[in-house]
Every structure is written in C-alpha cells, then in structure tokens.
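>>> The sequence isn't on hand, but the structure is:
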Ligand SMILES: Cc1cc2nc3c(=O)[nH]c(=O)nc-3n(C[C@H](O)[C@H](O)[C@H](O)COP(=O)(O)OP(=O)(O)OC[C@H]3O[C@@H](n4cnc5c(N)ncnc54)[C@H](O)[C@@H]3O)c2cc1C
C-alpha cells in the first residue's frame with residue numbers, strides 16, 4: 001500500500017503563492033507530495049495594471065489570469081475558499097469550505113491597506129487593491145460625470161463631482177493620476193455639456209517632498225513634469241487629516257471638495273500589515289516568509 005502523500009498547502013494565489021506553487025511543484029515532481037492551493041479568488045490579479053482598469057484603459061479580464069487551469073497543468077489541487085484560522089498545533093487551516101490538514105503550510109495572504117487610523121478613510125475613500133476596486137473607481141467617475149452633466153446641477157456641485165483626489169504619490173498613484181487626466185480628455189467627447197479642460201481637476205496628494213519616494217530624483221522629476229503637463233495638481237508635504245462627504249481635509253486646513261478620493265498609501269514595512277488570520281502571529285509569519293509589506 002502506498003504511503004500517504006505529504007500534504008503541502010499554499011494559502012493565497014497572489015504573486016507569492018503562485019511563485020511558491022510553481023517552484024514547489026517542480027521541486028517535488030515524481031514524489032508522493034500533494035500540493036493544494038487555497039485562495040478566496042480563483043484568479044491571479046496582475047496588480048501593476050490595475051490602475052488601467054480604474055482609468056478605463058483596460059477591461060478587468062485583461063489583468064487577471066484564472067488559476068484553476070494553470071493549477072491542473074502543474075498537478076496542483078485548487079480550492080476557492082477563505083482562510084479564517086490557522087491551527088498550528090493541529091496543523092490545519094479552517095476555511096469557509098471546511099478544514100484542510102497540512103504537513104507544510106506556505107502562507108501568502110498578502111497585506112491589508114493601511115488607513116493610518118485617519119478618520120473617514122475606510123468609510124469614504126476608494127482603494128486600489130482588488131479587481132473590483134478598479135471597477136469601482138471607474139464607475140464612480142462615470143457616475144460623477146453623469147450627475148455633473150445634468151443642467152440643474154449647480155456650478156459648485158459640478159466642480160465637486162468633477163474633482164478626483166488620489167492620495168499617495170507612489171508608482172501606482174502617479175500612473176493613476178496621469179491616466180485619469182487622460183480619461184477625462186476621452187470623456188470630453190461624450191459629455192458635450194462639460195468643458196473638461198476648465199471644470200475637471202485631478203489632484204495627487206503626497207505626504208513626502210517627492211513623487212515615487214525611494215526611487216531616484218530623475219524619475220521623480222520626470223513623473224512630476226509629465227503629470228503637470230497633463231494638468232494634474234500635485235501637492236507635496238500634504239498630510240491628510242480626514243475624509244468626509246464634502247471631500248478631503250489636509251492637516252494645513254486646506255479642503256479639497258470632491259466625491260472621489262482614491263487611497264493609494266502603501267503599507268509601512270515596520271508596521272507589518274500582514275493580513276490577519278486567527279492563530280497566526282507576526283513572529284511566525286516572519287519565520288516562514290509571510291510577506292509583511294507590499
Ligand atoms: C495597484 C497596485 C500596483 C502595484 N504595482 C506594483 C508594481 O508595479 N511592481 C511591484 O513590484 N509591485 C507592485 N505592487 C505590489 C504587489 O502587488 C505586491 O507586492 C504583491 O501583490 C504581493 O504579493 P502577495 O502574494 O504577497 O500578496 P497578494 O498578491 O495580495 O496575494 C494575496 C492572495 O491571498 C488571497 N487571500 C487574501 N486573504 C485571503 C484569505 N483570508 N483566504 C484566502 N485567500 C486569501 C488573495 O485573494 C490573493 O490571491 C502593486 C500593488 C498594487 C495594489
């Protein structure tokens with residue numbers, strides 16, 4: 001009788017999970033090892049292009065890759081389920097579709113977006129992390145254009161509706177700001193009653209003194225030059241105090257009225273916003289290579 005297979009469970013089908021699965025399946029080929037991947041979505045999301053979904057440049061299905069077919073080819077079992085708890089003593093993970101036992105667990109559940117405890121961010125801002133976030137941003141802007149195009153809409157409300165604020169001048173914030181400015185140019189053709197040059201505004205709020213912090217000065221300066229050429233209002237050393245129904249308030253008491261705030265602040269490494277799963281602590285995450293920062 002054949003011995004029971006060694007069970008390897010990989011939780012998460014993001015970059016880390018698929019990379020681990022790919023490497024492990026090659027490593028254990030021909031051995032009695034069963035690899036199971038469990039993830040709450042059955043596709044891999046290519047996050048670097050998510051801003052294109054948000055700004056109407058790409059269809060959602062252009063930035064995803066279904067996991068199941070790929071997993072079958074690699075002889076990896078796939079389970080679409082949400083991991084709720086890791087029970088290290090029993091070597092089991094509890095999911096909304098039942099319990100999975102493992103001999104080895106690779107935990108790759110990604111990170112959580114950090115709102116830094118700023119009032120109103122989690123309730124009012126839009127995020128750019130999941131596929132549906134890209135859709136939500138584009139739909140919000142379209143809804144704002146529809147409302148702004150109504151003849152009865154007062155001018156001050158029209159300006160609020162046509163203003164979009166992106167918080168975070170990292171690479172995806174810069175890409176998003178630039179492509180939204182272009183998108184407004186495209187919408188100009190469809191909303192004849194709106195003068196997009198005069199009435200729309202895209203603001204990019206960065207807490208530090210340069211764009212794409214962490215990259216060289218010349219990249220940062222080029223990004224700034226291109227964004228300003230597109231008419232993006234870039235604000236440096238601007239720290240957000242709160243987000244509410246009127247718009248966004250900065251700590252220097254500036255208020256930018258808007259209906260669309262996109263929160264694209266990345267996770268701080270030292271704060272370790274590893275996705276919380278019951279039974280799994282930071283120390284264990286670090287030991288096994290669970291990502292703590294994006
Ligand atoms: C808009 C955007 C643009 C980016 N651009 C770049 C870039 O250009 N270059 C770059 O290097 N990095 C970029 N990043 C960062 C990059 O996406 C992350 O570093 C990377 O996704 C981290 O990989 P991961 O596998 O750890 O997590 P993720 O890719 O987030 O994968 C986590 C996986 O776990 C699943 N999951 C989460 N919770 C559960 C649960 N409880 N149960 C079951 N499954 C769960 C998720 O569905 C997902 O499949 C970008 C990120 C974003 C948001």
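Cool, the structure landed. Bear in mind the structure is a predicted one, so any value in this text is a computation, not a measurement. Numbers count the residues shown, from 1 in each chain.
>>> Tell me where the model's unsure across the chain.
1, 266-294 (pLDDT under 70).
>>> Spell out which parts of it neighbour the ligand.
Contact residues (C-beta under 6 Å from any ligand atom) of the chain with the ligand: 11-17, 39-41, 47-48, 50, 82-83, 108-110, 128-129, 171-172, 275, 277, 291, 294. Every residue, glycine included, has its C-beta placed from N, CA and C.
>>> So which of those sit within strands?
Mapping the residues of the chain next to the ligand onto strands (DSSP state E) picks out 11, 39, 83.
>>> returning to what we had before: can you turn the buried part of the residues of the chain next to the ligand into a PyMOL selection?
Burial among the residues of the chain next to the ligand is assessed by 16 or more other C-beta atoms under 10 Å; the matching PyMOL selection reads:
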select buried, resi 11+12+13+14+15+16+17+39+41+47+50+83+108+109+110+128+129+171+172+275+277+291+294
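>>> closest to residue 188 among the ones in strands among the residues of the chain next to the ligand?
Using C-beta to C-beta, the shortest approach to residue 188 within these belongs to residue 39, at 40.2 Å.
>>> Now do the contacts for the closest one.
Residues in contact with residue 39 (C-beta atoms under 8 Å, 6 or more residues apart in numbering) are 11-14, 17, 67, 78-81.
>>> switch the cut-off to 10 Å
Applying C-beta atoms under 10 Å, 6 or more residues apart in numbering, one finds that residue 39 lies in contact with 10-14, 17-18, 67, 78-83, 108-109.
>>> Return the two entries of the residues you listed that lie farthest from one another.
Between any two of these, the greatest separation by C-beta to C-beta is 18.0 Å, found for 18 and 82.
>>> quick one: residue 124 and residue 249 touch, right?
No: contact between residue 124 and residue 249 fails when scored by C-beta atoms under 10 Å: they sit 11.3 Å apart.
>>> What is the neighbour count of the residue nearest to residue 55 when sequence neighbours are not counted?
Computed as C-beta to C-beta, 6 or more residues apart in numbering, the closest residue to residue 55 that is not its neighbour in sequence is residue 179, at 3.7 Å. If you count neighbours by other C-beta atoms under 10 Å, residue 179 ends up with 19.
>>> Which residue ranges make up each domain of the protein?
6-112+269-288, 121-263 (automatic domain parsing).
>>> any idea how far residue 130 is from the residue in the stretch 101-250 of the chain that the ligand sits nearest to?
With C-beta to the nearest ligand atom, the shortest gap between the stretch 101-250 of the chain and the ligand falls at residue 110, namely 2.6 Å. As judged by C-beta to C-beta, to the nearest Å, residue 110 and residue 130 stand 10 Å apart.
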